[in-house]
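Student: Need coordinates for the following:
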Amino acid sequence: MSDLKRSHAREQAHERGSYPAPLNEGRSRNMRANRRTDTKPEVALRSALHRLGYRYRKDLRLDLGGGVKVRPDIVFTARKVAVFVDGCFWHVCPEHGRQPTVNEWYWTPKLRRNMERDRAADTALATAGWQVVRLWEHEPLTSAVAAVVAALGAESEHVRDPSG
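Tutor: Numbering: from 1, shown residues only. Predicted coordinates for the structure are as follows:
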């Protein structure tokens, strides 16, 4: 969808009351800058995994049974491991997530739907034989890498020893 169409659709939603109007242009610019893919924590994790010799697909759409479509941030297709790097606000981190205080009528149900979609994706992936790794954006890179490597199993001969 073009930026002009998206802007027009947003304005119509504001008029209907189904989407909140921004508090100010600065807040609006900030929210538009949020990315769906290639966030800093995701890029850092991918880079670290690549340096260790792991190869993966990024943002690959997986069509699962029952019409469920999922886009993990990092996908190891041969080993059926799906990795998600979840943002604290968008996925309601128990440590850093917070209840919205402005436009609560919009944000509370949206964040709830995000959490429900995450759980449904986890279930659909597990049912299809995938292992799911969910990481928070604030998690230290070393811990995130260790969690992914553990899920993959370090026995692969294709993976370089990071110490040498």
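Student: Spell out, range by range, the strands that occur in this structure.
Tutor: 57-58, 62-63, 69-70, 74-76, 81-86, 131-136 (DSSP state E).
Student: Adding mean pLDDT and distance to residue 106, write the ones you listed out as TSV.
Tutor: (Each C-beta comes from the backbone N, C-alpha and C, glycine too.) What follows is the strands of the chain, written out as TSV (pLDDT from 0 to 100; distance: least, CB to CB, whole Å):
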stretch	mean pLDDT	distance to residue 106
strand 57-58	96	30
strand 62-63	96	29
strand 69-70	96	25
strand 74-76	98	30
strand 81-86	97	20
strand 131-136	97	24
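Student: which one of the ones you listed lies closest to residue 39?
Tutor: Residue 39 lies closest to strand 81-86 among the strands of the chain, at 6.7 Å (CB to CB).
Student: Neighbouring strands - and their directions - for the closest one?
Tutor: Under the criterion DSSP bridges, strand 81-86 sits next to strand 74-76 (antiparallel), strand 131-136 (parallel) in its sheet.
Student: Could you identify which of the ones you listed is most buried?
Tutor: With neighbours defined by mean count of other CB atoms under 10 Å, none of the strands paired with strand 81-86 is more surrounded on average than strand 74-76, at a mean of 21.
Student: Would you mind saying which of the strands of the chain lies nearest residue 124?
Tutor: Using CB to CB as the measure, strand 69-70 is the one of the strands of the chain that comes nearest residue 124, at 6.5 Å.
Student: mind listing what's buried in stretch 115-130?
Tutor: Neighbour counts over stretch 115-130 (16 or more other CB atoms under 10 Å) mark 118, 121, 122, 124, 125, 128, 130 as buried.
Student: Kindly reformat these as TSV containing pLDDT.
Tutor: Formatted as TSV, the buried residues of stretch 115-130 follow (pLDDT from 0 to 100):
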residue	pLDDT
118	96
121	95
122	96
124	96
125	97
128	95
130	96
